[in-house]
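A.B. asks: A predicted structure for the sequence below; I have some questions about it.
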Amino acid sequence: MQLPTYLSASDITEQVGLALAEDIGQGDLTARLIPEDAHSTARLISRESAIIAGTAWATEVFQQLDPAVEIDWQTKDGDLLEANAVIAIIRGPSRAILSGERCAMNFLQTLSGTATITHEYMRAVEGSGVKILDTRKTLPGLRKAQKYAVLCGGGHNHRVGLFDAILIKENHIMAAGSIAAAVAQAKAINGSVMIEVEVENLDELQQALDAGADRIMLDNMDLETMRQAVNLTNKRAELEASGGVAMDQLRGIAETGVDYISVGALTKHVRAVDLSMRFID
C-alpha cells in the first residue's frame with residue numbers, strides 16, 4: 001500500500017531508530033550467545049485473523065541492524081490473513097534476526113491491531129456511505145504510523161495534527177466568546193484549511209451553519225437529535241458524529257445520514273495482533 005503524503009520513508013527510519021535504541025541500547029547481550037557467523041531462516045506468522053500493516057517498519061528494523069537480512073514478504077499491508085498464515089520468511093545473520101525480532105514484531109502487531117479493528121468498524125457500516133475517521137488520540141510518537149494503519153484497514157484520516165485543519169471545540173468557543181467569533185477568527189487565520197465546529201445541541205448547530213463552518217461535529221447526540229441535525233443541515237456542511245462510539249452503535253448512527261463517524265478507539269484502545277516468529281533452520 002502506498003504511503004500517504006504525510007508519511008515519508010525518513011519518518012519510518014526515524015521511528016525505527018528510536019525503537020532500536022530503546023530496545024538494544026549499548027548492545028544485545030543475549031544475541032552474543034550465538035556464533036557471530038551463524039545464519040538462520042525464520043518464519044513469521046499471525047496466530048489470528050488480521051489485517052496486516054507495518055511491513056515497511058519491520059523491513060527497516062532489519063535493514064538498520066544488518067542489510068544482509070533478507071525478508072520474503074508473503075503478504076502486503078492491507079491484506080486480510082487467516083489465523084496461522086505466514087506473513088514473511090526471514091533469512092540472514094542469526095544475531096541480527098534475534099536482535100530485531102521484538103522491535104519488528106512490535107511495529108507489526110501494533111499497526112496490524114489498528115488496521116484490524118478499523119476493518120471491523122468499516123464492515124459494521126458497509127453499504128451506508130459513511131466514512132469511519134480516526135482522531136488525534138494516538139500513541140505518542142506513532143501518530144503517522146497509526147493513521148497509516150487506519151488506511152490499511154479501510155478507514156479514513158481526520159486531521160493529522162493541529163497544523164492541517166481547525167477544529168473549534170467547547171473551550172475554544174468559550175475563550176473566543178461565541179461560535180461565530182471563533183469561526184470568523186479561524187477564517188482570518190487560515191481560510192484554506194477545513195474549519196470544523198463541535199456542537200452539543202441543535203441551537204449550536206444552527207450557529208455553526210450560520211457562521212459558515214465546513215464540517216460540524218455532533219458531540220454525544222442521541223440518534224433522534226442526529227436525524228434532526230441532518231435535516232436541519234440539509235447538505236450545507238458535512239456532519240461528523242463523535243463521542244465514545246461503540247461497535248454496536250455504528251449502524252444506527254450511520255443510518256441517521258451523517259457523513260462521518262470518528263472513533264478514538266481505533267488508535268487509543270490498541271490490542272496488538274498475536275504474532276509469532278520461529279527459527280526453522
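C.D. replies: Here it is on my side, so go on. Numbering: from 1, shown residues only.

A.B. asks: May I have the predicted confidence score for the closest residue to residue 189 other than its chain neighbours?
C.D. replies: In space, and not counting its chain neighbours, residue 189 is closest to residue 166: 7.4 Å by Cβ to Cβ, 6 or more residues apart in numbering. (Glycine included, C-beta is placed from N, CA and C.) Listed pLDDT for residue 166 reads 98.

A.B. asks: same thing with residue 86?
C.D. replies: For residue 86, the pLDDT comes out at 98.

A.B. asks: number of nearby residues for the spatially closest residue to it that is not a sequence neighbour?
C.D. replies: If the residues on either side of it in the chain are set aside, residue 86 comes closest to residue 74, at 4.9 Å by Cβ to Cβ, 6+ apart. Neighbours of residue 74 under the rule other Cβ atoms under 10 Å: 16.

A.B. asks: quick one, phi psi at the closest residue to residue 169 other than its chain neighbours?
C.D. replies: Of all residues not flanking residue 169 in the chain, residue 198 sits nearest, at 4.6 Å (Cβ to Cβ, 6+ apart). Main-chain dihedrals, residue 198, degrees, to the nearest 10: phi -90, psi 130.

A.B. asks: got the contact list for residue 198?
C.D. replies: Shown in contact with residue 198 (Cβ atoms under 8 Å, 6 or more residues apart in numbering): 167-170, 216-217, 219, 242.

A.B. asks: And residue 196, how close does it get to residue 235?
C.D. replies: To residue 235, residue 196 is 16 Å away according to Cβ to Cβ, to the nearest Å.

A.B. asks: out of these two, which sits in the more crowded spot?
C.D. replies: For residue 196 versus residue 235, the count of surrounding residues by other Cβ under 10 Å is larger for residue 196: 23 against 9.

A.B. asks: what's the burial count for residue 281?
C.D. replies: Neighbours of residue 281 (other Cβ under 10 Å): 8.

A.B. asks: mind listing what's buried in the helix ranked longest in the chain?
C.D. replies: Once the chain is assigned using DSSP state H, the helix that runs over the most residues is helix 94-124. For helix 94-124, burial by neighbour count (16 or more other Cβ atoms under 10 Å) applies to 94-101, 103-119, 121-122, 124.

A.B. asks: Okay, helices next: where are they in the chain?
C.D. replies: 9-24, 55-65, 94-124, 143-152, 170-176, 179-190, 202-211, 223-233, 250-254, 265-268.

A.B. asks: just how off-centre is the longest one within its chain?
C.D. replies: From the chain centre to the centre of helix 94-124 is a distance of 12 Å (Cα atoms, centre = their mean, to the nearest Å).
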